[in-house]
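In: Coordinates for the following, if possible.
(one chain, ligands or ions: 1)
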Amino acid sequence: MRKILFVSSEVHPLIKTGGLADVAGSLPLALAELDQEVRVIIPKYHALKLGDDVEYRCTVRVDNKDVNIFETRLPDSNVIVWLVDYPDYFGHPGNPYTDEFGNAWLDSAERFSLFCRVAVEVSQNRAFLDWKADIVHCNDWQSGLVPALLILEPNRPATVFTIHNMAYQGLFSQAEYVALNLPGQLWHPGALEFHEMLSFIKGGIACADHITTVSPNYALEIQTAEYGYGLEGLLHHRHHELNGIINGIDVDIWNPETDTRIPQNYSVKTLAKKAVNKAALQKQYSLPEDPDIPLIGLIGRLVDQKGIDLVIDCLDHIVEHPVQFVLLGSGDKGFEHRLKNLSYLFPDKIAVRIGYNEDLAHLIEAGSDMFLMPSRFEPCGLNQLYSQRYGTLPIVRRTGGLADTVVDAMPESIADKTATGFVFEEASIGAMLETIKRALLLYTNKRAWTQLQKNAMRKDFSWQKSAEQYLNLYNYL
Ligand code: ADP
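Out: Alright, predicted model coming up:
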């Protein structure tokens with residue numbers, strides 16, 4: 001049995017802005033089922049959704065600051081979550097990265113360097129918790145200083161750094177580095193320095209014993225200039241210690257047979273009942289309640305990464321077909337505005353909800369016929385996995401984890417029953433439109449469509465296999 005400290009800036013259901021929270025909320029549970037002793041550590045944000053099982057554990061002094069550590073558990077489990085409490089930094093309304101008005105926190109470097117220092121103290125059993133880690137598993141830039149600080153220590157745990165998204169790096173000025181009072185030995189291009197800037201993510205990439213990304217394909221892509229953000233050379237240099245492990249999903253939360261957030265449960269054997277959810281979704285979005293019109297859903301952060309500009313440019317053409325489109329998301333104000341305008345122009349075909357709403361996300365997965373995900377890059381992507389489990393066929397771009405998890409409906413894959421969705425190559429309106437048309441055409445062939453839904457729903461996206469891969473890695477390290 002290993003003692004694993006899982007360091008993350010978000011964890012579902014306590015706090016979530018994206019896929020990292022889903023991973024941090026489910027991988028530790030899967031590891032616990034493999035008899036590992038996992039502890040999760042996150043900041044104690046103002047916005048955390050906590051139950052009444054929170055207790056104070058200790059106070060640790062780092063960088064001349066007294067930081068409290070509280071303890072809770074992931075719901076219905078024995079997985080302990082340690083909460084790093086420093087109200088000056090984490091006690092304000094907002095999400096982990098922005099204030100309540102969507103402005104990035106001005107003190108992100110201070111916040112997450114403090115968080116990393118505390119994680120180091122905890123992992124080394126210097127925080128009065130009577131627990132020393134064998135493995136510290138860090139995630140994304142917010143935890144990137146941990147592997148760097150640990151290389152300065154004797155008798156340290158082994159470190160794993162998982163990249164969920166290369167696009168967010170935690171870059172700050174050299175002056176910030178000085179102000180943070182970080183060890184001078186780490187200011188060099190082999191550690192935290194990146195073109196005379198402080199790079200949190202580089203701490204993880206340069207200093208961790210092993211690096212993983214959340215899909216095999218993305219592990220290859222980030223070694224190229226197109227996806228590497230200037231770190232492709234270092235990543236390629238470390239390619240022997242770099243691999244991709246595909247994310248699983250929480251198959252209890254995302255299960256059409258038992259999902260309590262949708263009006264009608266269904267399974268691969270009772271697929272016809274899915275129509276009840278479609279009607280409910282059309283009603284929610286005030287669209288004509290027509291069981292036969294193909295309904296395309298989209299949920300996600302409205303940012304460049306997700307190809308939202310392509311979607312907007314494509315919608316003008318999509319509405320020429322008998323089709324409905326529903327969207328749930330928030331992000332770039334320009335995108336939000338343009339999407340809203342389109343919904344006013346085509347009220348019978350396009351419906352848009354700006355915001356974050358987990359209940360509605362489940363209804364969209366259950367009620368749509370197709371799910372659109374034309375990402376420019378996608379480290380793993382979770383929505384295409386949820387979609388397949390709900391028999392909602394994904395239309396995706398062939399990139400990152402989307403390429404690893406969706407099998408394009410081609411004559412051979414249809415014949416051998418492996419097809420689960422629709423895939424296009426180029427990030428262009430033409431390519432996307434052609435593929436949507438291909439999906440709409442197949443939709444008219446009820447038998448073929450139902451077979452694809454069944455192929456998709458029967459796929460195993462549970463954490464089991466991936467958790468075993470992480471465990472093998474920990475054992476190796
Ligand atoms: P990313 O991590 O890049 O945001 P993923 O597809 O890996 O993308 O994960 C996104 C997760 O966040 C999914 O669980 C998705 O359902 C959820 N999500 C994103 N936007 C919203 C929203 N507006 N409302 C509800 N859930 C959302």
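
In: Confirm for me that residue 462 is in contact with residue 248.
Out: Yes. Counting by CB atoms under 8 Å, residue 462 does reach residue 248; the two are 5.4 Å apart. The C-beta positions use only the backbone N, C-alpha and C, and glycine is treated the same way.

In: shared neighbours of the two, which are they?
Out: residue 30 (CB atoms under 8 Å, 6 or more residues apart in numbering).

In: Distance-wise, check residue 324 relative to the ligand.
Out: For residue 324, the distance to the ligand equals 19 Å [CB to the nearest ligand atom, to the nearest Å].

In: Now do the same contact list for the residue nearest to that residue when sequence neighbours are not counted.
Out: What sits nearest to residue 324 in space, not counting adjacent residues and going by CB to CB, 6 or more residues apart in numbering, is residue 295, at 4.7 Å. By CB under 8 Å, 6+ apart, the contact set of residue 295 is 278, 281-282, 287, 323-326, 367-370.

In: which ones among these are found in helices?
Out: Assigned to helices by DSSP state H, the following of the contacts of residue 295 qualify: 278, 281-282, 367.

In: Buried ones among those?
Out: 278, 281-282, 367 (16 or more other CB atoms under 10 Å).

In: about what we covered before: residue 462 and residue 248: which is more packed in?
Out: Using other CB atoms under 10 Å as the criterion, residue 462 and residue 248 rank with residue 248 on top: 22 against 16.

In: who's in contact with the more buried one?
Out: 26-27, 30, 461-467.

In: If we use 6 Å, what do you get?
Out: Contact analysis of residue 248 by CB atoms under 6 Å, 6 or more residues apart in numbering lists 461-463, 466.

In: Does residue 209 touch residue 476 like I think?
Out: No. Residue 209 is beyond contact range of residue 476, at 9.7 Å (criterion: CB atoms under 6 Å).

In: Would you map out the domains in this structure?
Out: The chain breaks down into these domains under automatic domain parsing: 3-248+463-476, 271-457.

In: low-confidence ranges in the stretch 301-450 of the chain?
Out: Within the stretch 301-450 of the chain, no stretch has pLDDT under 70.

In: Residues of it that sit close to the ligand?
Out: 301, 328-330, 356-358, 361, 380-383 (CB under 6 Å from any ligand atom).

In: mind redoing it with 8 Å?
Out: Within reach of the ligand by CB under 8 Å from any ligand atom, the stretch 301-450 of the chain has these residues: 301, 305-306, 328-330, 353, 355-358, 360-361, 365, 373, 378-384, 386.

In: How about whichever residue of the chain sits closest to the ligand, nearest residue that isn't a chain neighbour?
Out: Here the chain gets closest to the ligand at one residue, residue 19, 2.5 Å apart by CB to the nearest ligand atom. Leaving out its chain neighbours, the residue that sits closest to residue 19 by CB to CB, 6+ apart is residue 382, at 4.8 Å.

In: What's the separation between the one you found and residue 80?
Out: 25 Å (CB to CB, to the nearest Å).

In: Which residue of the two possesses the greater neighbour count?
Out: Neighbour totals were compared for residue 382 and residue 80, and residue 382 leads with 23 against 19 (other CB under 10 Å).

In: I figured that one was touching residue 18, is that so?
Out: No. If you go by CB under 6 Å, residue 382 and residue 18 don't touch, sitting 8.7 Å apart.

In: contacting residues around residue 374?
Out: Applying CB under 6 Å, 6+ apart, the residues near residue 374 are 307, 310, 397, 432.

In: Max pairwise distance over these: which two?
Out: 310 and 397 (8.7 Å; CB to CB).

In: Out of these two, name the residue with the larger neighbour count.
Out: residue 397 (25 against 21).

In: does that one have beta-bridge partners, and which?
Out: Going by DSSP bridges, residue 397 is paired in beta bridges with residue 424.

In: and the gap between residue 289 and residue 367?
Out: Going from residue 289 to residue 367 by CB to CB gives 11 Å.

In: Please apply the same query to residue 8.
Out: 31 Å.

In: what does residue 320 give?
Out: 23 Å.

In: For ChimeraX, write the select line for the buried members of the contacts of residue 248.
Out: Buried residues within the contacts of residue 248, as defined by 16+ other CB under 10 Å, are selected in ChimeraX through the command that follows:
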select :461,462,463,466
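
In: Nearest to residue 203 among the contacts of residue 248?
Out: Comparing the contacts of residue 248 against residue 203 with CB to CB places residue 466 closest, at 24.6 Å.

In: what about that closest one, helix or strand, and which?
Out: Assigned by DSSP states H and E, residue 466 belongs to helix 464-476.

In: Other residues contacting that helix?
Out: The list of residues contacting helix 464-476 from outside it, by CB under 6 Å, 6+ apart, reads 2, 30-31, 34, 135, 245-246, 248.

In: among these, which ones are buried?
Out: Looks like those have 2, 30-31, 135, 245-246, 248 buried, using 16+ other CB under 10 Å.

In: Check those residues and tell me the two furthest apart.
Out: Between any two of the buried ones among the contacts of helix 464-476 (CB to CB), the greatest distance is 21.4 Å, for 2 and 246.

In: Quick check: chain neighbours aside, which residue is closest to residue 459?
Out: residue 388 (5.7 Å).

In: swap that for residue 349, please
Out: Per CB to CB, 6+ apart, closest to residue 349 is residue 319, 4.9 Å.

In: now swap in residue 141 and tell me
Out: residue 170 (3.4 Å).

In: tell me the contacts of that neighbour?
Out: 141, 200-201.

In: Ok, residue 404 next?
Out: Residues near residue 404 by CB under 6 Å, 6+ apart: 215-217, 246.

In: mind redoing it with 8 Å?
Out: 215-217, 244, 246, 380.

In: Most neighbours among these, which one is it?
Out: Busiest of those [other CB under 10 Å] is residue 380, holding 26 neighbours.

In: got the residue ranges for the helices in the stretch 51-200 of the chain?
Out: Assigned helices in the stretch 51-200 of the chain, in chain order: 87-90, 108-123, 145-150, 174-179, 200-207 (criterion: DSSP state H, counting those that start in this stretch).

In: Just put these in JSON lines and tack on distance to residue 101 and mean pLDDT.
Out: Listed next are the helices of the stretch 51-200 of the chain as JSON lines, based on distance: least, CB to CB, whole Å; pLDDT from 0 to 100:
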{"stretch": "helix 87-90", "distance to residue 101": "17", "mean pLDDT": "98"}
{"stretch": "helix 108-123", "distance to residue 101": "16", "mean pLDDT": "98"}
{"stretch": "helix 145-150", "distance to residue 101": "28", "mean pLDDT": "98"}
{"stretch": "helix 174-179", "distance to residue 101": "23", "mean pLDDT": "97"}
{"stretch": "helix 200-207", "distance to residue 101": "24", "mean pLDDT": "98"}
